[in-house]
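Undergrad: Sequence first, then the predicted structure:
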Amino acid sequence: MTFDDIQHDVLDALDEGLVVQDTSGEIVYANPAAERILGFPASELLGLTSKDPRWEAVDVHGVPLPGDEHPIVVARVTGRPVRDFLMGFRRSDSERRWVEINAMPLVDDPGDPPVGSVAMFRDVTADLAAKQALRVSEERFRTAVETMQDGFMIWRAVRDDDDRIVDFVCEFANEAVGAAQYRPTDLIGRRLREIDPNLSDEHFARYAAVVEQGDGNRMHVPWPEGSRVRTFDVSVVRMGDGVAVSYRDVTRQIEHQHELRESEEQTRRFLEAIPIGIAVVAPGRVVFINETARAILGRDISTDVRGAGLVDYFDVRRAGTGEPYPYEELPLYRAMFEGETCGADDVVLVREGRHIPVETYAAPVRDSEGEVRWALTLINDITERRMRAGRGAIDPAATVRLAKTPDAARDATSLTQREHEVLLLLADGLSSREIAEQLFISLNTARNHVQRLIAKLGAHSRLEAVAVARRAGLVDTTAPH
């Protein structure tokens, strides 16, 4: 094998393209890599010049590049090398590619004018695309961190001779760090322990652990500021041999949470001090119940007992009948599922054989969208009131007369205190709406009382109920009410 053969084999094996132009500017040699990169077979490359319009050459800025400004031509004409020149061209398949070119003049003897030139080049299209994508990504990242409201910094680890992290140097800080007393220019290039001499060893160790172990960390860091201590929520993640730190001032948020907890506790103490049973109920669970309500109910409220099961669990009955109180008529149900504000005073709780009359009121509590989320329920033991009132002050003699009245086949003792009040107002000619206003109850509750009263007196209308009550002496026909 001759030396020329070796040279030829070496040139053919190159990954970089190589072309040679003679003194006239025509290509007289192109290696296989040049054919592959330029997209022309050697048979078409040989004889081409840089002025061939098929190249559609452009410079790094995309400006058309005349043939006499191609690096291989400049090297031949000036006798000087051209290095790392970036040029775009159009392949034979019309694909735009980019090459990085190094061109050298060819001379027979030193000092002689060039007899030609040689250019070596490599395809950098993929590299340029990757760099462009990286620039776009970096620009987006910078835009994002510069406009974010949270403070953001990048810290590079500082290591000693034993490769231990002893400090961090700030390499980047966005404008939001100004909210924490510093401008970005005050931070970049400075060390963490210099900026924050009060940084605890514990917090520094957490920063170092993120770098060494790769696991992110989140912590609350106090920041003394005069007589006040601000609190920052700090998130730390590894970035190279350092950390990226984002933080926000959560001082007011923490203060607000403390105030909210204190307000909730004060509200709880206030509700506990009220001598009326109070419960806040959501579907399937009890949100709050005070001790007075627990004492009246006599049993702990179990979350396993729901819906109609409450009637049996607490043995809730209707006064004067001894029948279980219909679940759908309880104020709690009506407030939660029908959105009513209502009450009832004909409720009896049976506990260990003892009948405890109670009055209960309930109101729906709605969320911001107007949906009922909770029911506020009041429970009051009215045993003493009933004893003082003599069960509605019904005259026993009137009870006998009522029982003997042909049109009445009901037990007068079944009238509750509230029903007796409704009876008196009916006798005065008030409508259901006017009765509701007088007794501060809902219209539906007033109507329910009227219907139950008519049924108990064995009547078929309001007028007939009043007439029956007057014949029995339940209503004074002379005295004003």
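TA: Arrived safely. Bear in mind that the values here come from a model prediction, so they are computed numbers and not experimental data.
Undergrad: Can you give me the end-to-end span of stretch 267-282?
TA: Stretch 267-282 has its terminal residues 18 Å apart, counting by CA to CA, to the nearest Å.
Undergrad: pLDDT averaged over that stretch, what's the number?
TA: Taken as a whole, stretch 267-282 has a mean pLDDT of 89.
Undergrad: Please identify the buried residues of that stretch?
TA: Across stretch 267-282, burial judged by 16 or more other CB atoms under 10 Å covers 271, 277, 278, 279, 280, 281. Heads up, the C-betas are built off the backbone N, CA and C, glycines and all.
Undergrad: What's the separation between residue 24 and residue 49?
TA: For residue 24, the distance to residue 49 equals 8 Å [CB to CB, to the nearest Å].
Undergrad: Wasn't residue 163 part of a helix?
TA: No - checked against DSSP: H, G, I helix; E, B strand; the rest coil, residue 163 lies outside a helix; its state is coil.
Undergrad: Determine how far stretch 68-87 lies from the middle of the whole chain.
TA: Centroid displacement of stretch 68-87 relative to its chain, using CA atoms, centre = their mean, to the nearest Å, is 60 Å.
Undergrad: Relative to residue 110, which of the buried residues of stretch 267-282 is nearest.
TA: Nearest to residue 110 among the buried residues of stretch 267-282: residue 280, at 101.0 Å, using CB to CB.
Undergrad: tell me the contacts of that closest one?
TA: Residue 280 sits next to 286, 287, 288, 289, 365, 374, 375, 376, 377 when contact means CB atoms under 8 Å, 6 or more residues apart in numbering.
Undergrad: okay, residue 24 and residue 49: which has more neighbours?
TA: More neighbours surround residue 49 than the other of residue 24 and residue 49, with 16 against 10 (other CB atoms under 10 Å).
Undergrad: contacting residues for the closest residue in space to that one that isn't next to it in sequence?
TA: Counting by CB to CB, 6 or more residues apart in numbering, residue 49 lies nearest to residue 25, which is 4.5 Å off, once chain neighbours are set aside. Going by CB under 8 Å, 6+ apart, residue 25 touches 49, 50, 51, 73, 76.
Undergrad: Recalculate using a threshold of 7 Å.
TA: Contacts here follow CB atoms under 7 Å, 6 or more residues apart in numbering; on that basis residue 25 touches 49, 50, 73.
Undergrad: Where does it sit, in terms of helix or strand?
TA: For residue 25, there is no helix or strand it lies in under DSSP states H and E.
Undergrad: circling back: let's have the contacts of residue 280 in TSV, adding distance to residue 209, neighbour count and pLDDT.
TA: As requested, those are exported to TSV (distance: CB to CB, whole Å; neighbours: other CB atoms under 10 Å; pLDDT from 0 to 100):
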residue	distance to residue 209	neighbour count	pLDDT
286	45	15	86
287	42	13	87
288	43	16	89
289	47	19	90
365	47	15	94
374	45	20	92
375	50	25	93
376	50	18	94
377	52	22	93
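Undergrad: Of those, which belong to strands?
TA: Among these, the subset assigned to strands under DSSP state E consists of 286, 287, 288, 289, 365, 374, 375, 376, 377.
Undergrad: and those residues as TSV, adding distance to residue 29?
TA: Shown next, in TSV, are the ones in strands among the contacts of residue 280 (distance: CB to CB, whole Å):
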residue	distance to residue 29
286	93
287	89
288	93
289	97
365	91
374	89
375	94
376	96
377	99
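Undergrad: And whichever strand or helix holds residue 424, what's buried?
TA: According to DSSP H and E, residue 424 maps onto helix 417-427. By 16+ other CB under 10 Å, the buried positions in helix 417-427 come out as 417, 418, 419, 420, 421, 422, 423, 424, 425, 426, 427.
Undergrad: Kindly report the same for stretch 186-199.
TA: In stretch 186-199, counting by 16+ other CB under 10 Å, buried: 187, 192.
Undergrad: before we move on, what about stretch 134-153?
TA: Within stretch 134-153, the residues that count as buried by 16+ other CB under 10 Å are 145, 150, 151, 152, 153.
Undergrad: Go ahead and confirm the first one touches residue 152.
TA: In this case it means residue 145. Yes - if you go by CB atoms under 7 Å, residue 145 and residue 152 touch, sitting 4.5 Å apart.
Undergrad: quick one on the thing from earlier: name the nearest of the buried residues of helix 417-427 relative to residue 463.
TA: Nearest to residue 463 among those, counting by CB to CB, is residue 426 at 8.9 Å.
Undergrad: if I pick the closest residue to that closest one other than its chain neighbours, what's in contact with it?
TA: The spatially closest residue to residue 426, leaving aside those adjacent along the chain, is residue 466, at 5.4 Å (CB to CB, 6+ apart). Residue 466 is in contact with 426, 427, 475, counting by CB under 7 Å, 6+ apart.
Undergrad: Now residue 466: which helix or strand?
TA: Per DSSP H and E: residue 466 is located in helix 462-471.
Undergrad: distance between that helix and the chain's centre?
TA: Put simply, helix 462-471 sits 63 Å off its chain's centre (CA atoms, centre = their mean).
Undergrad: pLDDT averaged over it - what is it?
TA: So the average pLDDT for helix 462-471 ends up being 83.
Undergrad: Can you mark which positions in that helix are buried?
TA: Across helix 462-471, burial judged by 16+ other CB under 10 Å covers 462, 465, 466, 467, 468, 469, 471.
Undergrad: Pick the one among those residues closest to residue 196.
TA: So of the buried residues of helix 462-471, ranked by how close each gets to residue 196 (CB to CB), first place is residue 462, at 81.5 Å.
Undergrad: Which residues are in contact with that closest one?
TA: Counting by CB under 7 Å, 6+ apart, residue 462 makes contact with 426, 450, 454.
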